[in-house]
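*Asks:* Pasted the sequence and its predicted model underneath.
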Amino acid sequence: MKTVEETVKNAREASWSIGEADTNQKNSALEEIAQKLQENKDKIIEANSKDLEELKKKEGYSRAFHDRLLLDGDRIEGMADGLRDIIYLNDPVGEVTSMWKRPNGLQVGRIRVPLGVVAIIYEARPNVTIDAAGLGIKSGNSVVLRGSSEALNSNKALVEVIQEGLRAAGLPENGVVLVEQTDRESATDLMRQNRYLDVIIPRGGAALKKTVMENATVPVVETGEGNCHTFVDESAEVESAVSIAVNAKVQRPGVCNAMETLLVHKNIADAFLPKALEALVNEGVEIRGCPVTANHHREVKAASEDDWATEYLDLVLSVKVVESAEEAVKHVNTYGTGHSEAIITNSYSNSRKFMQRVDAAAVYVNASTRFTDGNAFGLGAEMGISTQKLHARGPMGLESLTSSKYIVYGDGQVRG
């Protein structure tokens, strides 16, 4: 087994070839990987089964965690489809974003270039392995993957397929590498490989992100927690609001764009809450609500102050009745994590105020927060959802994995 430094150094050496590859060669690699995913489906599922069997022997893992780890035929087909979606996206590398001429005749411009070597540290989400590889290759970057111990067998199988695809396209297999060590020391070692890495992206729980932010000497793009809210305004259409709220909580509760708090204007509470709470409870959701919410359903538990700040990642939801849209905005900006927030309303004025005042990477009007996703936004996939403001914010697609450099054309100018 290679050391962390050896693994990362190999990725750095491969990055020059990946960065110089033209669009056709990069697309060829993505197609090769997609085909090999389909051809090796049984092998990948077998490796994933080993991880799932090991998970059964451990305590403290939720249904949502198991769901994130699971790979089946449909999900593998989805991975292959996702790679093919990336093929059809514009290649940002080499795009001249601006050009201007100075009075002395110099032509100054900016061009998109790959970041170089991108490391991603993530938990039990084997789909991230393919998304990261696909986006990294298309944007001209080498990718260093460091998954969790729970997904090690799955990630090994997937990286073998990725490397086969790179070789078939004439690109270096070390364009995508896996750090196989899963102990804490190896993670810390990776975070400090600033000689070879250009950026680290952590994807996972709050503890992982906190560890990376505190220990990394490599620049970090923070993909924050998703304490997401849906506010049902007094002008909302009740049936539509119920449908959106149920989808935002239930469709896949273990992901960062799922709703964790439902805010309801007091003037629509009597019409909306009985229907919404009954629908949510019927889907197995545990409700933790304010006193007004508790008056509308027998199974509501009392919410604590901590509930408003909690990302449950499970079938648990906090619900609060608010006096006004202004109170809803204040609540969101106080307890939210800058991820995804939604208002359900028929008021243009209220929708505009909510969009302007809420501080988040994605703000919705009359739609579920579950759409905050690279694929759903037309980006093909995502490297993560950034909740910081530099250099990327929201789902990180191809452009977010590039930087820029100045290009300057002269004809003999010297500075006096």
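*Replies:* That came through fine.
*Asks:* ok, residue 339 - how many residues close by?
*Replies:* 25 (other CB atoms under 10 Å). Any C-beta I mention is one placed from the backbone N, CA and C, and that applies to glycine too.
*Asks:* residues contacting it?
*Replies:* 224-228, 256-257, 360-362, 372, 385, 387 (CB atoms under 8 Å, 6 or more residues apart in numbering).
*Asks:* In contact with the closest residue to residue 397 other than its chain neighbours, which residues?
*Replies:* Among residues not flanking residue 397 along the chain, residue 379 sits closest, at 3.1 Å (CB to CB, 6 or more residues apart in numbering). Contact partners of residue 379, counting by CB under 8 Å, 6+ apart, are 89, 395, 397, 398.
*Asks:* how about stretch 380-388: buried residues?
*Replies:* 380, 381, 382, 383, 384, 385, 386, 387 (16 or more other CB atoms under 10 Å).
*Asks:* The first one touches residue 397, doesn't it?
*Replies:* It stands for residue 380. Yes - if you go by CB atoms under 8 Å, residue 380 and residue 397 touch, sitting 6.4 Å apart.
*Asks:* shared neighbours of these two, anything?
*Replies:* Contacts common to residue 380 and residue 397, judged by CB under 8 Å, 6+ apart, are 89, 135, 374.
*Asks:* one step back: how about a markdown table for the buried residues of stretch 380-388, with secondary structure added?
*Replies:* Output for the buried residues of stretch 380-388, formatted as a markdown table (DSSP: H, G, I helix; E, B strand; the rest coil):
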| residue | secondary structure |
| --- | --- |
| 380 | coil |
| 381 | coil |
| 382 | coil |
| 383 | coil |
| 384 | coil |
| 385 | strand |
| 386 | strand |
| 387 | coil |
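*Asks:* how far out from the middle of the chain is stretch 360-373?
*Replies:* Centre-to-centre, stretch 360-373 and its host chain are 13 Å apart (CA atoms, centre = their mean, to the nearest Å).
*Asks:* where do the strands sit along the stretch 51-200 of the chain?
*Replies:* Secondary structure of the stretch 51-200 of the chain by DSSP state E, counting those that start in this stretch: the strands cover 96-101, 107-114, 117-122, 142-146, 176-178, 199-203.
*Asks:* just those strands: most buried one?
*Replies:* strand 142-146 (a mean of 28; mean count of other CB atoms under 10 Å).
*Asks:* who's in contact with it?
*Replies:* 7-8, 11-12, 14-15, 18, 116-122, 129, 132-133, 136-137, 155, 159, 174-179, 186-187, 190, 197.
*Asks:* With stretch 202-215 instead?
*Replies:* Under the criterion CB under 8 Å, 6+ apart, residues 120-123, 125, 128, 148, 187-188, 191-192, 200, 220, 222-225, 311, 384 lie in contact with stretch 202-215.
*Asks:* Just the buried residues of the residues you listed.
*Replies:* For the contacts of stretch 202-215, a burial check counting by 16+ other CB under 10 Å picks out 120-123, 125, 128, 148, 187, 191, 200, 220, 222-225, 311, 384.
*Asks:* domain assignment for the chain?
*Replies:* Using automatic domain parsing, the domains assigned to the chain come out as 4-223+396-409, 228-371.
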